[in-house]
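J.: got a structure for you, letters missing:
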């Protein structure tokens, strides 16, 4: 009896020791990751005068969040795990996911023309544009922003009726909030719902995103970071035509990491939603070094920093780019660097991930700082973490 007791005590001690060793190893991994992120983010914040950032990384499939600085320079509230940042155009990836979900469920087809879902545009040039062109910035040349004079749905319809393409659809990429905004509106119409309600009450909950909003709830108001313009003036996004669809989402670094994990197929989802998420990585057009997916942009991995800088350059955002159609479309592949930038007047975001490596990064800042700096820092961090992955 005494021998058995001694044996049990020894076994318990060994188990406790093993658990302590595992915990210590996990702490060491986190420390190493944090040192890598700190070394890149802290100088960046100082250089660009960024008050606060939340940076999330995925290493070997596991998420880590690191917070820096202040959510508000006025109140001195620090950035925490609950801090909400504006995503800017990263919001478009959620719109793409909702549209892809509608297609998986048979409620729309990306090969259909706009006029099938918007009878008011029947017989017009815009009505003849295929939905896939809206989701890939290739409808034939539409402006980056909805024109200032367009204030309501009737005026938007009138504008689109009068629209004339500058190029044949599918021949040029012209980055546009209006384009993806219309895809989001059509997806909602095909699902017999309101876009904002579908995202906030259906898509976000199904994705398990508990801190992702278009309209920040009153109870979370204190968590909403104050944004700052390049000149340092306080700024938050203002509602406008198609803003919900194009750049209206606010979220935390933790929720952004979960969405990234789902895009790397590391989190279990309902089968229809999983298909919808993964199909947004289908490549439809080649634009310079970048393959245009459904809003997401991808590069063969491994990728050079120069290729990423070219693909995320001002020229790609503000000027037409000739594209070549991929026929058939390129199936989703894990051997890709997939990314998206996002900006509002007061916030800057960047998200990038490599499914094969089970690694990724999300950078959320309460200042709109240069995109090339976001790309350089993200590339530096992921390159360092890739070389130290188990």
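T.: Alright, I've got the coordinates. Bear in mind that the values here come from a model prediction, so they are computed numbers and not experimental data.
J.: When you work out contacts or count neighbours from here on, use the C-alpha atoms and nothing else.
T.: Fine.
J.: The stretch 251-390 of the chain: helices as residue ranges?
T.: 253-263, 271-279, 305-311, 314-318, 371-388 (DSSP state H, counting those that start in this stretch).
J.: what does the stretch 1-150 of the chain give?
T.: Using DSSP H, counting those that start in this stretch, the helices found in the stretch 1-150 of the chain span residues 2-48, 91-104, 131-134.
J.: for the last one, the distance to its chain's centre please.
T.: Computed by C-alpha atoms, centre = their mean, to the nearest Å, the separation of helix 131-134 from the middle of its chain amounts to 19 Å.
J.: helices and strands around it, which ones?
T.: Helices and strands touching helix 131-134, by 3 or more C-alpha pairs under 8 Å, 6 or more residues apart in numbering; DSSP states H and E, are helix 177-190.
J.: per-residue confidence averaged over the following helix or strand past the helix it packs on?
T.: Proceeding N to C from helix 177-190, the next assigned helix or strand is helix 195-198, under DSSP states H and E. Average pLDDT, helix 195-198: 98.
J.: Over to stretch 124-139?
T.: 98.
J.: what's the answer for stretch 233-250, then?
T.: Per-residue scores along stretch 233-250 average to 97.
J.: Straight-line length of that stretch, end to end?
T.: Stretch 233-250 has an end-to-end distance of 20 Å (C-alpha to C-alpha, to the nearest Å).
J.: circling back: just name the most buried of the helices of the stretch 251-390 of the chain.
T.: With neighbours taken as mean count of other C-alpha atoms under 10 Å, the helices of the stretch 251-390 of the chain reach their highest mean count in helix 253-263, at a mean of 23.
J.: which helices and strands sit right next to it?
T.: Helix 253-263 packs on strand 52-59, strand 62-69, helix 271-279, strand 359-365, going by 3+ C-alpha pairs under 8 Å, 6+ apart.
J.: Next, name the residue at the spatial heart of the protein.
T.: residue 90 (3.6 Å; C-alpha atoms, centre = their mean).
J.: got a list of what the closest residue to that residue other than its chain neighbours touches?
T.: Using C-alpha to C-alpha, 6 or more residues apart in numbering and skipping the chain neighbours, the partner closest in space to residue 90 is residue 342 (4.8 Å). Residues counted as contacts of residue 342 (C-alpha atoms under 8 Å, 6 or more residues apart in numbering) are 87, 88, 89, 90, 91, 247, 348, 349, 350.
J.: Just send these back as JSON lines, with distance to residue 124 too.
T.: As requested, these are exported to JSON lines (distance: C-alpha to C-alpha, whole Å):
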{"residue": "87", "distance to residue 124": "33"}
{"residue": "88", "distance to residue 124": "30"}
{"residue": "89", "distance to residue 124": "28"}
{"residue": "90", "distance to residue 124": "30"}
{"residue": "91", "distance to residue 124": "29"}
{"residue": "247", "distance to residue 124": "27"}
{"residue": "348", "distance to residue 124": "37"}
{"residue": "349", "distance to residue 124": "36"}
{"residue": "350", "distance to residue 124": "36"}
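J.: For residue 257, state which of those is nearest.
T.: Each of the contacts of residue 342 was scored against residue 257 by C-alpha to C-alpha, and residue 350 proved nearest at 11.8 Å.
J.: and the helices of the stretch 1-150 of the chain, which one is worst for confidence?
T.: Lowest mean pLDDT within the helices of the stretch 1-150 of the chain: helix 2-48, at a mean of 74.
J.: residue boundaries of the strands in the stretch 201-350 of the chain?
T.: Using DSSP state E, counting those that start in this stretch, the strands assigned to the stretch 201-350 of the chain run over residues 227-228, 234-235, 250-251, 283-287, 290-292, 297-300, 321-322, 324-330, 336-343, 348-354.
J.: So for residue 31, which of the ones you listed sits nearest?
T.: strand 348-354 (21.1 Å).
J.: For the closest one, which helices and strands make contact with it?
T.: strand 336-343, strand 359-365, helix 371-388.
J.: Residues contacting it, please?
T.: 86-88, 90, 260, 264, 301, 334-343, 359-369, 374-375, 378.
J.: Could you dump the helices and strands packed on helix 253-263 into a markdown table and include distance to residue 161 and mean pLDDT?
T.: Shown next, in a markdown table, are the helices and strands packed on helix 253-263 (distance: least, C-alpha to C-alpha, whole Å; pLDDT from 0 to 100):
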| stretch | distance to residue 161 | mean pLDDT |
| --- | --- | --- |
| strand 52-59 | 42 | 98 |
| strand 62-69 | 47 | 98 |
| helix 271-279 | 31 | 98 |
| strand 359-365 | 38 | 98 |
